[in-house]
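>>> with the input below, show me the fold.
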Amino acid sequence: MLTRTVKQECNRRFDFTHYAGRIQEKDMFRLLKPLTLGLSVIGSVGVYSLTVAASASAFSFFDGDTSVGISIDDVGTEFTVNFDGSVSDKRGVPQDVNGLSSQAIFRLENFQFNSVGGYTEAIFDVDLKNTSSEGITSRTSALGFNVLNFDRNHLGSKLSLLGVGDDSGSGNTRVTDLFSNDLSGKFPNKFGDIDVCFTDGPKCEGGGSGGVFTGNSAEKFTATLAFSGEVETFALNNFGVRYQSINGQTFVEQSGTGQGTIIGIPSETNPKQVPEPAATTALLLVGLGALKYGKKKPQTLIQTEI
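Model prediction:
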């Protein structure tokens, strides 16, 4: 049997150890509370950011990134097209040329139906740059593409443009700034037919002296596509450019063409997957559960007499 003094001392030490443990537990949850709340908020913001990022790139890309579907939801967004380059040999067979290249950034500025005139206009600002390198210099003298029907999921048949080649004015397809002519026709070098091209020349195949030279900054033109009636979606594909004044390597004042590949904004070409709402709810519940647990009072230990 322990003396009363020894028993009191044991109980005193037990009470102190128990109290210290409760203090440490409270301190732990005091620190855990803002951390848990912070993780919950960060998680929620992260999910929201992914949602915004996905919606910011609403363009739809098809055919190995050579076609793009466009709707009114895309106003204010942009996509990028990179062009390679080729020149026909003596047999008339196109040969790829390393270093012959261009880039165009398309930004959809407006997409609106005019109920009075009965037509729809889609307006693009295009920054065009000749990016030729590896000893090649050239002039990008025209840019063009085809226009298709689009139902938000699939590409369709050709969609006709209004007023291509006609005088500029509301209700007609037109171009301003870098280029002055909107035309239909074809690009040479076995590229083939094209629904519309923008150039300073008299035809898509060439002529004129306008365009963008190697080493110059990107130059802008505004292209307006006009459609009959109310059009809510359309698609562009078969992007191409016309090169002239190609010099360097073995070339002297030759011409060629380039085929376009859409790269979008690299991380946006394939829209990011947005986590399911259940993931967000689960994350918040974990945070709230941890906070609730942290508020519980520790259970009182039963002292036993030694």
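>>> the stretch 201-306 of the chain: strands as residue ranges?
212-213, 219-228, 233-248, 251-262 (DSSP state E, counting those that start in this stretch).
>>> return the most buried member of the ones you listed.
strand 233-248 (a mean of 22; mean count of other Cβ atoms under 10 Å). C-beta: built from backbone N, CA, C; applies to glycine.
>>> tell me the mean pLDDT over it?
In this model, strand 233-248 has an average pLDDT of 97.
>>> what pairs with it, parallel or antiparallel?
The pairing partners recorded for strand 233-248 under DSSP bridges are strand 67-71 (antiparallel), strand 137-150 (antiparallel), strand 251-262 (antiparallel).
>>> ok, now how distant is the closest residue to residue 222 other than its chain neighbours from residue 193?
For residue 222, ignoring the flanking residues on the chain, the nearest one in space by Cβ to Cβ, 6 or more residues apart in numbering is residue 176 at 5.0 Å. Between residue 176 and residue 193 the computed distance is 25 Å (Cβ to Cβ, to the nearest Å).
>>> hmm, back to that, which of the strands of the stretch 201-306 of the chain sits closest to residue 164?
For residue 164, the closest of the strands of the stretch 201-306 of the chain is strand 219-228, at 8.7 Å, according to Cβ to Cβ.
>>> which other helices and strands contact that closest one?
Counting contacts by 3 or more Cβ pairs under 8 Å, 6 or more residues apart in numbering; DSSP states H and E, strand 219-228 is packed against strand 119-130, strand 174-177, strand 192-199.
>>> may I have the strands that pair with it, each with its orientation?
By DSSP bridges, strand 219-228 pairs with strand 119-130 (antiparallel), strand 174-177 (antiparallel).
>>> quick one: contacts of it?
Contacts of strand 219-228 with the rest of the structure, by Cβ atoms under 8 Å, 6 or more residues apart in numbering, involve 109, 118-129, 147, 159-163, 171-179, 182, 196, 198, 212, 234.
>>> which ChimeraX command selects the buried ones in those?
Listed next is the ChimeraX selection for buried residues among these, using 16 or more other Cβ atoms under 10 Å:
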select :119,120,121,122,123,124,125,126,127,128,129,147,159,161,162,163,171,172,173,174,175,178,179,182,196,198,212,234
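>>> partners of the helix or strand residue 113 falls within, with directions?
Using DSSP states H and E, residue 113 sits in strand 102-114. Using DSSP bridges, the strands paired with strand 102-114 are strand 78-83 (antiparallel), strand 119-130 (antiparallel).
>>> can those strands go into TSV with extra columns for mean pLDDT?
Shown next, in TSV, are the strands paired with strand 102-114 (pLDDT from 0 to 100):
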stretch	mean pLDDT
strand 78-83	97
strand 119-130	98
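>>> could these go into CSV alongside distance to residue 221?
Putting the strands paired with strand 102-114 into CSV (distance: least, Cβ to Cβ, whole Å) gives the following:
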stretch, distance to residue 221
strand 78-83, 14
strand 119-130, 5
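>>> cool, thanks, signing off.
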